[in-house]
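K.L.:
Quick one: sequence plus predicted model below, questions after.
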Amino acid sequence: MKLNCHCGAVEAEINATVNELAKIVRCNCSICKRKNATMGMVKNEDFKVTKGQDKLKLYQYHTKVANHYFCTECGIYTHHNPRSAPAMTGFNLGCVDEVNVEDLKEVANFDGLNHPMDQEK
């Protein structure tokens, strides 16, 4: 699959089909709630930025463990590395032209608002 931001400055290759994704999720944490993205998940080695690495901006917050990336030209969230699974890359399925997000049936909800890493021990 090929991912591209809105303006086309950032592109990535995803070495998986929609049916081969580790999971498809929506999350209710503070950032995901605001970006309202449906995200596919693959191993880091199955996601490669092929164009526009210099156009990506890293955003971190709270524990500063997760890495969230967006295009500096159009502002679109392209992908992230979650703190709960740093060996994985989550990516915006809305940035994959061959995927119609509304047609996806198996979308899991992740309760990032009550993330286990935020709970007192």
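P.N.:
Great, that's in hand.
K.L.:
residues making contact with stretch 34-51?
P.N.:
Residues outside stretch 34-51 that contact it (CB atoms under 8 Å, 6 or more residues apart in numbering) are 9-16, 18, 21-27, 32, 56, 77, 79-81, 85, 87-94, 96, 99, 101, 104, 107. For the C-beta atoms, the positions are set from N, CA and C on the backbone; glycine is no exception.
K.L.:
So which of those are in helices?
P.N.:
The helices, defined by DSSP state H, take in residue 32 from the contacts of stretch 34-51.
K.L.:
Just the buried residues of the contacts of stretch 34-51.
P.N.:
For the contacts of stretch 34-51, a burial check counting by 16 or more other CB atoms under 10 Å picks out 9-12, 14, 18, 21, 24-27, 32, 56, 77, 79-81, 88-94, 96, 99.
K.L.:
what's near enough to touch the residue most central in space within the chain?
P.N.:
The centre of the chain sits closest to residue 91, judged by CA atoms, centre = their mean, with a distance of 2.7 Å. Neighbour list for residue 91: 3, 12, 14, 39-42, 47, 78-80 [criterion: CB under 8 Å, 6+ apart].
K.L.:
Recalculate using a threshold of 7 Å.
P.N.:
Residue 91 makes contact with 3, 14, 39-40, 47, 78-79, according to CB atoms under 7 Å, 6 or more residues apart in numbering.
K.L.:
Strands - which of these land there?
P.N.:
Among the contacts of residue 91, the ones falling in strands (DSSP state E) are 3, 14, 39-40, 47, 78-79.
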